[in-house]
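Enquirer: the amino acid sequence is not available; the structure is as follows:
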């Protein structure tokens, strides 16, 4: 029997340092380069993996968000400047916005259609476990400020645990 799929397949990431309203957004990502680091001629911020031509905002998000490994999550200015220097060379992106899942919106579990009212349980994980128990073993417990690559803009939450999502 094959191993069951766990939550890791969805790249579920909780914030390291407790509540972080900007966690999973581009701003605190180690790949993000604010416009102030870029030379003249660059209008807007960029991301080292999306390359020189894709404009990125602090509140955008993609599936490649990687928090800074510093103890407090603060950026390393030398690394940001090194990334800016590379971007100044008009480098192509390693991935397209479509490949990375780049969105121009706020993400996190508490903003997701699949979260229960307190954003402590995930309805998607619950439904997958219930409908395909031979394939999935997903921890349904989530944190409000965490995020995964199945994050879906909130529409309604009333019956996610009672009826199949549709």
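Expert: Structure received. Here the structure is a predicted model, which means the values were calculated and not measured. Numbers count the residues shown, from 1 in each chain.
Enquirer: from here on, contacts and neighbour counts on C-alpha atoms
Expert: Fine.
Enquirer: contacts only, for residue 93.
Expert: 48, 49, 50, 51, 52, 53 (CA atoms under 8 Å, 6 or more residues apart in numbering).
Enquirer: wasn't it part of a helix?
Expert: No: Residue 93: not assigned to a helix; according to DSSP: H, G, I helix; E, B strand; the rest coil it is coil.
Enquirer: from residue 103, how far out is it?
Expert: Going from residue 93 to residue 103 by CA to CA, to the nearest Å gives 16 Å.
Enquirer: what are the ranges of the helices in this protein?
Expert: For the chain, applying DSSP state H gives helices covering 77-87, 97-100, 123-131.
Enquirer: can you tell me which strand in this protein is longest?
Expert: If you go by DSSP state E, the chain has its longest strand at strand 51-56.
Enquirer: which secondary structure elements does it contact?
Expert: Helices and strands touching strand 51-56, as assessed by 3 or more CA pairs under 8 Å, 6 or more residues apart in numbering; DSSP states H and E, comprise strand 45-47.
Enquirer: from the chain's centroid, how far away is the strand it packs on?
Expert: 16 Å (CA atoms, centre = their mean, to the nearest Å).
Enquirer: sheet-wise, list the partners of it with their directions.
Expert: strand 32-33 (antiparallel), strand 51-56 (antiparallel) (DSSP bridges).
Enquirer: show me the shaky parts of the chain.
Expert: Within the chain, the ranges that satisfy pLDDT under 70 run 1, 18-19, 156-166.
Enquirer: can you give the domain ranges for it?
Expert: 1-20+107-161, 32-100 (automatic domain parsing).
Enquirer: closest to residue 26 out of the ones you listed?
Expert: Closest to residue 26 of the domains of the chain, according to CA to CA: domain 32-100, at 5.0 Å.
Enquirer: first to last residue in that closest one, what's the distance?
Expert: First residue to last in domain 32-100 (CA to CA) measures 14 Å.
Enquirer: go on, stretch 35-55?
Expert: 10 Å.
Enquirer: center of the protein - which residue?
Expert: Geometric centre of the chain, nearest residue: residue 24, 4.1 Å, by CA atoms, centre = their mean.
Enquirer: got the contact list for that residue?
Expert: With CA under 8 Å, 6+ apart, residue 24 has these contacts: 61, 62, 65, 66, 67, 107, 108, 146, 147.
Enquirer: same deal with residue 39?
Expert: Contacts of residue 39 by CA under 8 Å, 6+ apart are 84, 88.
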